[in-house]
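Enquirer: Sequence first, then the predicted structure:
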Amino acid sequence: MPTIPTIAALQDRWRKRSSFTLLDLDFINGHRLLPVADALLSDPDAPACLHYVAVIDAWPEAGIAASAIDAAVPACAQANAPFAAFVAQLSSAWLPAVPGFQRLVLADGRLVLTLVSGALAASLPQLDLAFDACYCHVAEIAPSIIRWLGRLAAPQAMLTIDTRACDASVADGIGKEFAQAGFVDAETCADYWVLRFAPRHAHAAHHGHRRDALSIQAVQEKHAIVIGAGLAGAAACHRLSVRGWRCSLIEAQAAPAQQASGNAAGIFMPVLSQDDNPLSRLTRAAYLFALHIWDGLGGVGRTLPGQACGVLQLARSDAALTATAQQRTPWPYPADFAQWLDGAQASIGLRQRVAGGWWFPMAGWLHPAAVCEAMLGACGDRLQVNYQRQAQRLMHDGDHWHVLAADGSSIAHAAVLILANGVQATQFAQTAHLPLSAIRGQVTHLPAQAADLPFAICGDAYLTPVTPAAGGFASLGATYSDATDVSLRAEDHHENIRHLQQMLPDWQPPPDWAALDGRAGFRCVAADRLPLVGALPDPDRLAGSGDTRLQDMPRLPGLYGLLAYGSRGLIWSPLAAELLAAQLNGEPAPLSRDLAALLDPARFALKQRRQGR
């Protein structure tokens, strides 16, 4: 392994810091990550969290190369036990080679690795971070790249450049470009330059990193109120508590996951599209991050009731199958992420005749309530729960939010308040303008003899296998309607059964299908069917503001939303909570800027403004 001459300098810079961000533009096979991790885990003065962000052109499909690991362990200082555990965790947690942002939380949150797949010119503008140190290779340096490094650098950031492929004339020109971007004080260290970011004038774009402008009280207290104990609220508590926040959870019911998150089983899977549209990119990132978080909670089918049995997304018909088979996806998905199965292959696996479709081997189903309980349980003593308390009104006194009960008494107060209670969020005066609606969904519970499948399937409906963890029945659903009652309806059972017959042409429903059990609930959806994640807009200031940029839209201080997860609460909840927690803590975002903007709660107000309304 090559010696990294700036490890000692890196340690000098990160000591006594609560967090530190390192940007690696020369990742290759992770040769630099390993000694940095060893230094971090063996340094008593290291930051509580190191964010290691790597932009990669070619994905190391086998994970961190075995040769790099073999070289790192004896080379690093005494191969300390935390580092050895980190290496083992990293090897087992490596992600499929798919495009976009992927995040791994390692070493109990001490090191967070974010991998960004793509060319530098396209990737750097999508990074939402302020780096404290950066590694790059001179061969990758172009004037546009240098300018972006200046926009992403934190004050006094250290930039280390591998100059082994650089002659004197090239070095002189590059040096001038870096000086213009604000990097000064060049030092020669073997075959490296070490620069420091100290611009003469503050670069306006440098402040584009999305750190929410928290009050002094919020920064000092690190205390948040979360309303709603479903998947959204439980994930918020989980992702904040690992960062040292205290959470006061308020739930009107007597236990978590009693509303939209209360079904016996929910499937988890990504969405594919021919053009890799934003929904595909978002669900891919959410799905993979959720798998990683669940593994940290004990794993699907182990601690968490469910099965990573795979999900087959069936084509609607033979004609649709033919059309889909002729499509070309924009990325050659690895087999552990997605595989195309023709009718014969799918029928053999399912043991009955089907048209074929996409197979997701790592997908499956989970019991949502158990996932909520596991996330809340992992919060430990940083969580205070307030069950059977109805939040009736919100009041802000200039420093804190107060959540009030119907009799006017205060349930909790904090500088940060997160609404994770679905469509009920619109009951408050501050958020009544949010474009949220409730969509009724009914699930049909099929007996074991009527639904003996080896894995889950989906299409116009979904069907889980039968397992004791799901109550000894299979879950078939779910309908979409504007009805408002929660009682089971025979016509909805019929709709679910009709959809299943379209997917499984040889399947016969039980004769007493109208009397089957099930569950009806209400999904919270936004007008564009994407979640709302982040600071909520201030309706009283929107009319008087002429801002036409998302980041400039007026916001309610300290009020945030994790809302409108629709039918994908299992996979949306961990990534959305991670995104919000990163914004609150000033950390690198786990999503690209363009995708995070699609989730911003102020997007609807901005659209209206641009349309001149």
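Expert: Received the coordinates, thanks. Residues are numbered from 1 along each chain as shown.
Enquirer: Going C-terminal from the lowest-mean-pLDDT helix or strand in the chain, what's the next secondary structure element?
Expert: Within the chain, no helix or strand scores below helix 318-326, which has a mean of 50 by mean pLDDT, DSSP states H and E. The C-terminal neighbour of helix 318-326 among helices and strands, as given by DSSP states H and E, is strand 339-341.
Enquirer: quick one: buried residues of that following strand?
Expert: Neighbour counts over strand 339-341 (16 or more other Cβ atoms under 10 Å) mark W340, L341 as buried. The way it works is simple: take the backbone N, C-alpha and C, and place the C-beta from them, glycine included.
Enquirer: cool, stretch 31-48 as well?
Expert: 31-42, 46-47.
Enquirer: centre of the chain versus that stretch, how much separation?
Expert: Chain-centre distance of stretch 31-48: 25 Å, with Cα atoms, centre = their mean, to the nearest Å.
Enquirer: Distance across it, terminal residue to terminal residue?
Expert: 23 Å (Cα to Cα, to the nearest Å).
Enquirer: And for stretch 179-193?
Expert: With Cα to Cα as the measure, stretch 179-193 spans 13 Å from end to end.
Enquirer: Look at A425 and give its secondary structure.
Expert: Three-state call for A425 (DSSP: H, G, I helix; E, B strand; the rest coil): helix.
Enquirer: Skipping its backbone neighbours, what lies nearest it in space?
Expert: Leaving out its chain neighbours, the residue that sits closest to A425 by Cβ to Cβ, 6 or more residues apart in numbering is L419, at 4.3 Å.
Enquirer: Identify the residues contacting that neighbour.
Expert: Residues in contact with L419, defined by Cβ atoms under 8 Å, 6 or more residues apart in numbering, are I227, G228, A425, F428, T431, L536, L559, Y560, G561, L562, L563.
Enquirer: can you do 6 Å?
Expert: I227, A425, G561 (Cβ atoms under 6 Å, 6 or more residues apart in numbering).
Enquirer: which element is the last one on?
Expert: Secondary-structure assignment from DSSP H and E places G561 in strand 555-563.
Enquirer: So which other helices or strands are in contact with that strand?
Expert: strand 416-419, strand 532-537 (3 or more Cβ pairs under 6 Å, 6 or more residues apart in numbering; DSSP states H and E).
Enquirer: buried ones in the first one?
Expert: Right, the one you point to is strand 416-419. V416, L417, I418, L419.
Enquirer: Now for those: which two are most distant?
Expert: V416 and L419 (11.2 Å; Cβ to Cβ).
Enquirer: picking up where we left off before, could the contacts of L419 be laid out in JSON lines, adding neighbour count and distance to T548?
Expert: Formatted as JSON lines, the contacts of L419 follow (neighbours: other Cβ atoms under 10 Å; distance: Cβ to Cβ, whole Å):
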{"residue": "I227", "neighbour count": "29", "distance to T548": "31"}
{"residue": "A425", "neighbour count": "24", "distance to T548": "26"}
{"residue": "G561", "neighbour count": "28", "distance to T548": "22"}
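Enquirer: Adding pLDDT, write these out as CSV.
Expert: Shown next, in CSV, are these (pLDDT from 0 to 100):
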residue, pLDDT
I227, 98
A425, 97
G561, 98
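Enquirer: Among those, which one lies nearest to R529?
Expert: Nearest to R529 among those, with distances taken as Cβ to Cβ, is G561, at 15.7 Å.
Enquirer: Between its first and last residues, how far does stretch 157-174 reach?
Expert: Terminal-residue distance, stretch 157-174 (Cα to Cα): 18 Å.
Enquirer: Check stretch 419-433 too.
Expert: 14 Å.
Enquirer: Poorly predicted segments of the chain, please.
Expert: Along the chain, the model assigns pLDDT under 70 to residues 1-5, 60-79, 165-172, 188-190, 201-213, 216-217, 316-331, 469-471, 544-547, 612-613.
Enquirer: Quick check: next helix or strand after the top strand by length along it?
Expert: The longest strand of the chain (DSSP state E) is strand 436-447. Once the chain leaves strand 436-447, the next helix or strand it forms, by DSSP H and E, is strand 456-458.
Enquirer: In its sheet, which strands sit next to the helix or strand following that next one, and in what direction?
Expert: Using DSSP H and E, the helix or strand that follows strand 456-458 in sequence is strand 462-463. Sheet pairing for strand 462-463, assigned by DSSP bridges, gives strand 456-458 (antiparallel), strand 473-477 (antiparallel).
Enquirer: burial measure for the nearest residue to V443 once chain neighbours are set aside, as a count.
Expert: Nearest residue to V443, sequence neighbours excluded (Cβ to Cβ, 6+ apart): G477, at 3.5 Å. Close neighbours of G477, defined as other Cβ atoms under 10 Å, add up to 28.
Enquirer: pretty sure G477 is touching L446, no?
Expert: No - applying Cβ atoms under 6 Å, one finds G477 not in contact with L446, separated by 10.2 Å.
Enquirer: Which secondary structure element is home to the most centrally placed residue in the chain?
Expert: Most central in the chain under Cα atoms, centre = their mean is L575, positioned 1.9 Å from the mean C-alpha point. Per DSSP H and E: L575 is located in helix 569-585.
Enquirer: circling back: tell me the one of the contacts of L419 nearest G150?
Expert: G561 (33.3 Å).
Enquirer: can you pull up the bridge partners for the closest one?
Expert: Beta-bridge partners recorded for G561 (DSSP bridges): L419, G534.
Enquirer: got the contact list for it?
Expert: Taking Cβ under 6 Å, 6+ apart as the test, what G561 contacts is L419, L532, L536, P601.
Enquirer: Pipe those residues into JSON lines and attach distance to R593 per row.
Expert: Converted to JSON lines, the contacts of G561 look like this (distance: Cβ to Cβ, whole Å):
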{"residue": "L419", "distance to R593": "24"}
{"residue": "L532", "distance to R593": "17"}
{"residue": "L536", "distance to R593": "20"}
{"residue": "P601", "distance to R593": "16"}
